[in-house]
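Colleague: Sequence and predicted structure are below.
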Amino acid sequence: MADGTVSKVKDAPRNPVGREGVLDVAARLFREQGYGSVSLRKIADAAGIKAGSIYYHFGSKDEIVVAILDVGIQVVHEKMRQAVSALPEGTDAETILRAAIGTHLRALLDVSDYTSANVRIFGQVPQSVRDANLPTRRAYEAEWDALLSRLQERGALKPDVDIRRLRLMLIGALNATLDWFDPDRGSAEALSRTYADVFLNGILERQDS
């Protein structure tokens, strides 16, 4: 009888939520409450499982955070890459940049808790977590740098534009919208057009000399 009991325990599913379910719940909590306010117990309670069940999938809270940070960037990266790649060969630089800007912004504001959580908690997490997320982050930055460099080589960007600084300024401005964007006062699509207009055309009227 004892052997049968052990066998049944071993064959039983570890928990009904699963790894992705834990990540989904945790991403929402981190987006809403920040890094410091969310514990493994809070994640387990929100997921409707016992705290110990999380250890079937993750060794620690920070392991969960790294996974969320990675997914948050990968979602935006893949959507941005696909949007640019889908454009016909010979597409003008303005259209390309509008596609990249719009995709990044919509991914932040419309797609998932992962992208929002990534931006909101990255500055709160320990250095070890940032270091673990660095390869994923660097890959997305490299995608932007390569795109901007290609446009500069084509003569679409001014030759004296510092690509790295431009990318930092652009992505930083887009990410900051999470702090104030209100979907009741306008769509992410309209906001992306406004940002693209400012970055591509400037804000000052040209004065005739």
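Modeller: Yep, it's here.

Colleague: mind checking which helix or strand of the protein has the lowest mean pLDDT?
Modeller: helix 2-11 (a mean of 42; mean pLDDT, DSSP states H and E).

Colleague: in this protein, which spans are helices?
Modeller: For the chain, helices defined by DSSP state H occupy the ranges 2-11, 18-33, 40-47, 61-85, 93-106, 113-121, 127-153, 163-175, 188-201.

Colleague: The third one packs against which elements?
Modeller: Contacts of helix 40-47 with other secondary structure elements, assessed using 3 or more C-beta pairs under 8 Å, 6 or more residues apart in numbering; DSSP states H and E, are made with helix 18-33, helix 61-85. From N, CA and C alone the C-beta is placed, and that goes for glycine too.

Colleague: cool, the longest one as well?
Modeller: Using 3+ C-beta pairs under 8 Å, 6+ apart as the contact test, the elements touching helix 127-153 are helix 61-85, helix 93-106, helix 163-175.

Colleague: What is the longest one packed up against?
Modeller: So the one you mean is helix 61-85. Using 3+ C-beta pairs under 8 Å, 6+ apart, helix 61-85 sits against helix 18-33, helix 40-47, helix 93-106, helix 113-121, helix 127-153.

Colleague: Out of those helices, which gets nearest to residue 176?
Modeller: helix 113-121 (8.4 Å; C-beta to C-beta).

Colleague: Run the angle between the closest one and helix 93-106 for me.
Modeller: Using axes from the mean of the first three to the mean of the last three C-alpha atoms, to 10 degrees, one finds that helix 113-121 and helix 93-106 are set 90 degrees apart in direction.
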